[in-house]
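Colleague: Fold the following and give me the result.
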Amino acid sequence: MNSSLTQMAIAVVLVGCGGTADVDGGLDADVMDADAARDAARDALADVGSDGSRDAPSDAGPLPLCSPGVGLSASIPACSVADPCTDLLPTYARRTPPVDRLDTPSDAPTCATSSAGTDRGYPAYTDGAPRSWMSPAGVNRHWCEARPAGIGAASPRPLLIYLAPSGGDAGTVYDATLLRDKQPDYDLSGDPARPGFVLASVQPRNLHWPTVDPQEGTKFDSQYRDLASPSTNPDIAFVDHIIDSLVDEGVVDPARIYLMGWSNGGRFSVFYGIARRETPTPGGNHVAAVANFSAGDPFGPPTVGDLDCQAAPYPTAALPYYLISRTCDAIACDAGQDSGLVPGNVVEPWVAVLRTDVGADVTWQRIDDNGVPRAACAIAGLCGTIRQITNHIRWPDGIADGSGRDHEPTMLDFLRDHPSD
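Modeller: Okay, here's the model as predicted:
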């Protein structure tokens with residue numbers, strides 16, 4: 001990675017305050033100042049990686065050993081009182097008040113639109129207290145949930161699980177997407193008598209992170225690849241629990257279990273979808289399909305030097321997968337935009353691997369800065385760092401980029417058209 005990109009740290013951007021935006025000017029800003037752009041750029045090196053390496057994230061002690069089969073040999077360490085996270089994503093310092101350490105493995109989100117979200121034009125919703133689950137390791141995990149009217153055992157609805165980007169949280173779904181606005185009555189079932197869907201937005205853990213640059217904070221772990229059922233990966237186990245508990249309650253149609261994510265959350269959602277397309281959850285449920293925005297390969301190494309972490313071979317799964325990404329993006333559209341990123345964070349070769357090695361049924365939609373569908377990636381010479389970063393933090397709902405072109409319906413329609421067999 002050249003010095004200018006190292007300085008800007010091309011990366012997936014994650015947002016502060018409640019998982020939405022504390023970058024100067026907000027997510028809908030046309031131009032970010034240099035400091036905000038630098039902070040935003042560094043905020044997701046978990047996704048984009050670094051050309052350096054070290055033995056451990058922050059002061060967390062040595063990372064678990066790596067192998068091509070399972071990646072890391074244990075889950076990435078979580079923040080704790082005994083081992084706090086202090087090498088935080090830069091946007092934590094821009095919050096009000098600033099945050100300089102995390103000493104809990106996970107936190108309870110606010111399941112409502114914040115004032116920052118409404119200021120940017122997102123509708124106001126309040127869904128009450130988050131739902132909770134005490135994991136076998138004694139960590140209280142949380143998710144925000146919204147259900148449509150008339151739901152019940154006689155009228156189960158599709159389940160859409162949303163996973164936020166690095167530095168975000170379960171509240172990001174309210175403050176940076178229009179999914180909550182569509183949740184009550186969108187046709188995700190294909191049955192006019194069963195409108196709407198259950199929306200479950202997952203709270204990430206607070207994690208140390210195996211990159212050179214400060215990247216500690218809220219994330220999902222796809223580096224520890226225990227795809228078994230049950231899994232010892234805490235994030236896989238948590239999503240398993242959400243799915244199984246809702247299906248057991250009788251409110252979710254087991255043929256319509258879908259995931260949608262962004263950046264780090266998108267990496268994890270396709271990772272989880274591959275894990276649970278063929279192999280069921282402990283409760284016997286399968287993922288039907290996944291739709292993501294700007295997400296790379298979760299089976300690559302965390303840094304260039306950690307080639308032992310590269311999956312070999314890739315797991316296989318006939319997963320229906322819709323990926324929408326910008327023609328110029330921090331997760332590079334093609335090799336021409338790649339400037340030394342960790343393998344897996346260039347979309348074009350990742351899509352090829354999905355089709356040939358994984359066996360997924362992939363639809364890849366490129367859109368430009370204004371949300372207009374395009375057939376090709378942007379010319380590399382016209383795809384600079386600031387443009388990549390700015391595009392990456394704009395969820396494709398027409399609000400973030402100011403275009404009015406909402407691509408969420410296309411993402412949701414793809415999911416609806418791909419129920420489980």
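
Colleague: Would you map the helices across the protein?
Modeller: 3-8, 17-20, 34-42, 45-48, 115-119, 172-175, 179-182, 234-249, 264-278, 347-353, 385-392, 408-416 (DSSP state H).

Colleague: among those helices, which is nearest residue 336?
Modeller: Across these, residue 336 has its closest neighbour in helix 347-353 (9.2 Å, C-beta to C-beta). The C-beta positions use only the backbone N, C-alpha and C, and glycine is treated the same way.

Colleague: May I see the buried residues of the closest one?
Modeller: By 16 or more other C-beta atoms under 10 Å, the buried positions in helix 347-353 come out as 347-351, 353.

Colleague: Can you check the pLDDT for residue 198?
Modeller: As predicted, residue 198 sits at a pLDDT of 99.

Colleague: Name the nearest residue to it, sequence neighbours excluded.
Modeller: residue 159 (4.8 Å; C-beta to C-beta, 6 or more residues apart in numbering).

Colleague: thinking again about what came up before, now flag whichever of the buried residues of helix 347-353 is closest to residue 228.
Modeller: Looking across the buried residues of helix 347-353 and measuring by C-beta to C-beta, the closest to residue 228 is residue 353, at 22.2 Å.

Colleague: Pull up the per-residue confidence for the closest one.
Modeller: On the pLDDT scale, residue 353 gets 97.

Colleague: And for the residue nearest to residue 214 when sequence neighbours are not counted, the neighbour number?
Modeller: Spatially, and ignoring its direct neighbours in sequence, residue 214 is nearest to residue 87 (4.1 Å; C-beta to C-beta, 6+ apart). Neighbour count of residue 87, defined by other C-beta atoms under 10 Å: 17.

Colleague: The one 5 residues further on too?
Modeller: By other C-beta under 10 Å, the residues close to residue 92 number 23.

Colleague: how near is residue 300 to residue 273?
Modeller: When distance is defined by C-beta to C-beta, to the nearest Å, residue 300 is 17 Å away from residue 273.

Colleague: Contact partners for the residue nearest to residue 383 when sequence neighbours are not counted?
Modeller: Nearest residue to residue 383, sequence neighbours excluded (C-beta to C-beta, 6+ apart): residue 328, at 3.7 Å. Going by C-beta atoms under 8 Å, 6 or more residues apart in numbering, residue 328 touches 337, 368-369, 377-378, 382-383, 387-388, 391.

Colleague: among these, which ones are buried?
Modeller: By 16+ other C-beta under 10 Å, these give 337, 368-369, 377-378, 383, 387-388, 391 as buried.

Colleague: Let's have these in JSON lines, adding distance to residue 398.
Modeller: Output for the buried ones among the contacts of residue 328, formatted as JSON lines (distance: C-beta to C-beta, whole Å):
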{"residue": "337", "distance to residue 398": "24"}
{"residue": "368", "distance to residue 398": "13"}
{"residue": "369", "distance to residue 398": "13"}
{"residue": "377", "distance to residue 398": "21"}
{"residue": "378", "distance to residue 398": "20"}
{"residue": "383", "distance to residue 398": "22"}
{"residue": "387", "distance to residue 398": "19"}
{"residue": "388", "distance to residue 398": "20"}
{"residue": "391", "distance to residue 398": "14"}
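
Colleague: picking up where we left off before, right, and the residue nearest to residue 198 touches residue 260 too?
Modeller: No: in this structure residue 159 lies outside contact range of residue 260 using C-beta atoms under 8 Å: 10.9 Å.

Colleague: Common neighbours of the two, please.
Modeller: By C-beta under 8 Å, 6+ apart, no residue touches both residue 159 and residue 260.

Colleague: quick check, nearest of the buried residues of helix 347-353 to residue 76?
Modeller: residue 350 (21.3 Å).

Colleague: That closest one is in contact with residue 299, isn't it?
Modeller: No: with contact defined as C-beta under 8 Å, residue 350 does not count as touching residue 299 (9.3 Å).

Colleague: Identify the contacts common to those two.
Modeller: Residues within reach of residue 350 and of residue 299 at once, by C-beta under 8 Å, 6+ apart, are residue 344.

Colleague: Point to the residue nearest the middle of the protein.
Modeller: With distances taken as C-alpha atoms, centre = their mean, the residue of the chain nearest its centroid is residue 265 (1.1 Å).

Colleague: low-confidence ranges in the stretch 251-400 of the chain?
Modeller: Along the stretch 251-400 of the chain, the parts satisfying pLDDT under 70 run over 303-307, 339-343.

Colleague: hmm, try it at 50
Modeller: Applying pLDDT under 50 to the stretch 251-400 of the chain picks out no residues at all.

Colleague: wait, isn't residue 215 in contact with residue 89?
Modeller: Yes: between residue 215 and residue 89 a contact is recorded at 6.0 Å, counting by C-beta under 8 Å.

Colleague: Same drill for these two, tell me which one is more crowded.
Modeller: Neighbours per residue (other C-beta under 10 Å) separate residue 215 from residue 89, with residue 215 holding more: 34 against 31.

Colleague: Setting aside sequence neighbours, what's the nearest residue to the more buried one?
Modeller: residue 209 (4.0 Å).

Colleague: What's the separation between the one you found and residue 254?
Modeller: Using C-beta to C-beta, residue 209 is found at 34 Å from residue 254.

Colleague: which of these two has more neighbours?
Modeller: With neighbours defined as other C-beta under 10 Å, residue 209 and residue 254 compare such that residue 209 has more, 28 against 19.

Colleague: No more questions from me, cheers.
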